[in-house]
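Asker: Below are the sequence and a predicted model; questions follow.
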Amino acid sequence: MNCKWIGAALIIAGCGGFGFSIAAGCRREERLLRQLIQSLQYMQWELQYRLTPLPELCRQTGKTASGVVRDIFLGLARELDWQASPDVSSCMSAALKRNQELPRNIRRIFQQLGRCLGRFDLQGQLLGLEAVQSACQGELAALNKNRDVRLRSYQTLGLCAGVALAILFA
Amino acid sequence: MMCAWKELLSILPPRLRREVDSLGKESAQELRLRINAPPELVLGGKEIWLRENVTEEDLNFIINTASRYSPWAAATMAQGYLTAPGGHRIGLCGEAICRNGCFEGIRQARSLCIRIARDFQGIGKDAAALKGSILILGAPGWGKTTLLRDLVRQLAQKETVSVVDERGELFPEGVARGKRMDVLTGCPKPAGIDMTLRTMGPSCIALDEITAEGDCQALVQAANCGVRLVATAHAASERDFRCRSVYRVLVENRIFDGLVLLHKDKSYHVERMTL
């Protein structure tokens, strides 16, 4: 009897945990997007007013961010310093390879950023940064749509699934 | 003779480095790269064609590494060239970006011309013995910048020299400077002359390549302040110099006292300015 109760508790905890982890993933994605938008704004100001060369710019941007965003910008700065790749896009790909845990949509945004930073003219570069920023805003808006309801649903669904399984196997 | 050879090799695509290094270390003057054509290396006036064709990726690599992936940050990009580490000048040609009829930069480079900077220490000793303002004349590729570099270094052992180095080619990092030398880089010549004149209190101002009337006006103004000038200009002889309308202000105001005339074999002789 005791084993059954322990089993049921484990099923509920497991399913509940799964629901909570999906909700946490969404929150993390949102946090990363907000950080990235801040970093992009910083880059825009630096480029517009100081024309900071890219390796320095990435290093500075990395220092203002935290977590994965920080790691990627610092990694990109290192790649640029090595001067082993023909363009910024390849440097960005190399930096992203070292950060596998990044969500797919945010990885796509970073790749877009790599392509826009590789442009030869400042105006094109600034427009590119703006485009990346609006891509981030778009992703953020999609995440924020019914955010609270959705996150609560993930958690509740996880718990309910656990309870259902526990009843079925009891 | 010194040349920032390592710096030059570091900006080239890895697959070209070995061939350029083995052929050109001693006497390379220029490296020309055109998409879908083999690279052309100019050695002591002779051309050698390397084996592999140049790709668009090769040109992007050179532009990006020479500018630290920031060609838009180089002030000279709007004039169609970049100065690479070591003072090597990279001229760009290809699809241009123009706004309101003005050239703003290159969207996609199709060919590059890398002019290799060299430093011959001691070649300017004879020219440094001249009194007053000195003008170095020579055709492109005859060694005006190389001579000016050493001449200025010699002068800066004895007097305070301000160098207005718009392109950052004269004294890049790693090139020996004179004791009393101040170098202003990346600033247009007229503004640079005015600025150094007011702020650095030089007894001599040096600049490479007088090309516009604005440069001439600024030189006249500096000369009127009692500053000695050392400059270079495109002309094969004194007569050729006098014929060019852009230099008229300099001739009329008798700014220069001594002339250094370069020859095709890169030797030179010194003359007093006539008239």
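Answerer: Received, thanks.

Asker: Do a quick rundown of the strands in the stretch 101-250 of chain B.
Answerer: Secondary structure of the stretch 101-250 of chain B, counting by DSSP state E, counting those that start in this stretch: strands at B:102-115, B:134-138, B:161-165, B:181-185, B:204-207, B:228-234.

Asker: for chain A, same thing?
Answerer: Remark: no strands are assigned in chain A by DSSP state E.

Asker: For it, give me the ranges with low pLDDT.
Answerer: For chain A, the stretches with pLDDT under 70 are A:1, A:151, A:170.

Asker: need the residues of it near chain B, please.
Answerer: A:47, A:51-55, A:57, A:80, A:83, A:85-88, A:91, A:117-125 (Cβ under 8 Å from any Cβ of the partner chain). Bear in mind the C-beta positions are built from the backbone N, C-alpha and C, glycine included.

Asker: Out of these, which sit inside helices?
Answerer: Counting by DSSP state H, the residues of chain A next to chain B place A:47, A:54-55, A:57, A:80, A:88, A:91, A:117, A:122-125 in helices.

Asker: got CSV for the residues you listed, with neighbour count and distance to residue B:191 too?
Answerer: Listed next are those as CSV, based on neighbours: other Cβ atoms under 10 Å in any protein chain shown; distance: Cβ to Cβ, whole Å:
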residue, neighbour count, distance to residue B:191
A:47, 20, 23
A:54, 25, 27
A:55, 20, 28
A:57, 24, 26
A:80, 27, 31
A:88, 25, 32
A:91, 29, 35
A:117, 25, 30
A:122, 19, 21
A:123, 13, 24
A:124, 16, 27
A:125, 24, 26
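
Asker: Let me know the closest of those to residue B:186.
Answerer: residue A:122 (15.4 Å; Cβ to Cβ).

Asker: Could you pull out the helices in chain A for me?
Answerer: A:2-50, A:54-64, A:67-82, A:88-97, A:104-117, A:122-144, A:147-169.

Asker: what's the shortest one in contact with?
Answerer: Which is helix A:88-97. Identification of contacts with helix A:88-97 by Cβ atoms under 8 Å, 6 or more residues apart in numbering or on different chains yields A:54, A:72, A:75-76, A:78-80, A:85, A:102, A:107, A:110-111, A:113-115, A:117-118, B:64, B:69.

Asker: Give me the neighbour count for the closest residue to residue B:20 other than its chain neighbours.
Answerer: Here the nearest residue to residue B:20 in space, its sequence neighbours aside, is residue B:12; by Cβ to Cβ, 6 or more residues apart in numbering or on different chains that works out to 6.1 Å. Here the count is done by other Cβ atoms under 10 Å in any protein chain shown, and residue B:12 has 22 residues near it.

Asker: List the contacts of residue B:12.
Answerer: Contacts of residue B:12 by Cβ under 8 Å, 6+ apart are B:20, B:31, B:61-62.

Asker: what secondary structure does residue B:256 sit in?
Answerer: Following DSSP: H, G, I helix; E, B strand; the rest coil, we place residue B:256 in the coil state.

Asker: who touches residue B:51 in this structure?
Answerer: B:19, B:38.

Asker: Mind doing that once more with 10 Å?
Answerer: B:15-16, B:19, B:38-39 (Cβ atoms under 10 Å, 6 or more residues apart in numbering or on different chains).

Asker: Show me which of these is closest to chain A.
Answerer: residue B:15 (11.2 Å; Cβ to the nearest Cβ).

Asker: the helices in the stretch 101-250 of chain B, which residues?
Answerer: Along the stretch 101-250 of chain B, counting by DSSP state H, counting those that start in this stretch, helices occupy B:125-128, B:144-155, B:189-199, B:213-224, B:238-243, B:248-252.

Asker: Show me the domain layout of chain B.
Answerer: Domains of chain B are assigned by automatic domain parsing as B:5-115, B:125-272.

Asker: got those as TSV, with mean pLDDT columns?
Answerer: As requested, the domains of chain B are arranged in TSV below (pLDDT from 0 to 100):
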stretch	mean pLDDT
domain B:5-115	88
domain B:125-272	91
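
Asker: Next, format the ones you listed as TSV and append distance to residue A:21.
Answerer: Formatted as TSV, the domains of chain B follow (distance: least, Cβ to Cβ, whole Å):
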stretch	distance to residue A:21
domain B:5-115	38
domain B:125-272	52
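
Asker: List the buried residues in stretch B:185-197.
Answerer: Residues of stretch B:185-197 classed as buried: B:185, B:187, B:189-190, B:192-193, B:196-197 (neighbour count, 16 or more other Cβ atoms under 10 Å in any protein chain shown).

Asker: Kindly report the same for stretch A:61-68.
Answerer: Residues of stretch A:61-68 classed as buried by neighbour count (16+ other Cβ under 10 Å): A:61-62, A:65, A:68.

Asker: so which of the helices of the stretch 101-250 of chain B is the most packed in?
Answerer: Burial of the helices of the stretch 101-250 of chain B is given as mean neighbour count (mean count of other Cβ atoms under 10 Å in any protein chain shown); helix B:144-155 ranks first at a mean of 23.

Asker: Next, the angle from it to strand B:161-165.
Answerer: If you take axes from the mean of the first three to the mean of the last three Cα atoms, to 10 degrees, helix B:144-155 sits at 160 degrees to strand B:161-165.

Asker: Pull the CA coordinates from helix B:144-155 and hand them back as CSV.
Answerer: C-alpha atoms of helix B:144-155 as CSV (Å, rounded to 0.1, in the frame of the first residue of the first chain):
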residue,chain,number,x,y,z
LYS,B,144,57.3,60.1,-51.0
THR,B,145,55.7,58.7,-47.8
THR,B,146,58.7,56.5,-47.0
LEU,B,147,61.1,59.4,-47.3
LEU,B,148,58.8,61.8,-45.4
ARG,B,149,58.6,59.3,-42.5
ASP,B,150,62.3,59.2,-42.0
LEU,B,151,62.8,62.9,-42.7
VAL,B,152,60.2,63.8,-40.0
ARG,B,153,61.9,61.3,-37.6
GLN,B,154,65.3,63.0,-38.2
LEU,B,155,63.8,66.5,-37.7
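
Asker: Can you name every helix or strand that it contacts?
Answerer: helix B:125-128, strand B:134-138, strand B:161-165, strand B:181-185, strand B:204-207, strand B:228-234, strand B:258-262 (3 or more Cβ pairs under 10 Å, 6 or more residues apart in numbering or on different chains; DSSP states H and E).

Asker: repeat that for 7 Å
Answerer: With contacts defined as 3 or more Cβ pairs under 7 Å, 6 or more residues apart in numbering or on different chains; DSSP states H and E, the packing partners of helix B:144-155 are helix B:125-128, strand B:134-138, strand B:161-165, strand B:204-207, strand B:228-234, strand B:258-262.
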